[in-house]
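J.: Provided below are the primary sequence and the corresponding predicted coordinates.
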Amino acid sequence: MRSDEIRTTLRARYDELTAEYDAALAENHTLRLVETADTAGDDQADSGSKMAERDTARSVIRTILDRRDQYEHALARLDSGTYGDCETCGVPIPVERLEIFPAATACVRCQSTRERRAA
């Protein structure tokens, strides 16, 4: 895959994630407005439900931001000429891995090691 094709793929996904982020923020804002206006008569179960919805919305927003940051980092690596190389060991990341996850920063071996350490 050529550099311009990679850039187009990365930029398109970054833009999609930005749109998802904007939509999630708007939904979260609407949820908070409704919640603020509709608290009369809430019992503990209602309050707990609303808190769970808020937590879920915040989690979705954080996940989208994390994924968008990964694509932004991939674009920066493309600009610097390091895209496609493992950030840990420096070996080229297999093309098949980059096709599945274009924002990958580690080869399969190094990613497996990271995941085992995190568990």
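T.: Received, thanks.
J.: Contacts for stretch 73-90, please.
T.: Contacts with stretch 73-90, where a contact means CB atoms under 8 Å, 6 or more residues apart in numbering, come from 3, 6-7, 10-11, 14, 91-93, 98, 102-107, 109-110, 113-114. In short, each C-beta sits where N, CA and C put it, glycine included.
J.: now with 7 Å?
T.: With CB atoms under 7 Å, 6 or more residues apart in numbering as the contact definition, stretch 73-90 has outside contacts at 3, 6-7, 10-11, 14, 92-93, 98, 102-103, 105-107, 110.
J.: Just the buried ones from these, in ChimeraX syntax?
T.: Buried residues among the contacts of stretch 73-90 (16 or more other CB atoms under 10 Å), as a ChimeraX selection:
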select :6,10,14,93,98,102,103,105,106,107,110
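J.: which one among the contacts of stretch 73-90 gets closest to residue 70?
T.: Nearest to residue 70 out of the contacts of stretch 73-90 is residue 103 (CB to CB; 4.0 Å).
J.: element containing that closest one?
T.: Under the criterion of DSSP states H and E, residue 103 resides outside all helices and strands.
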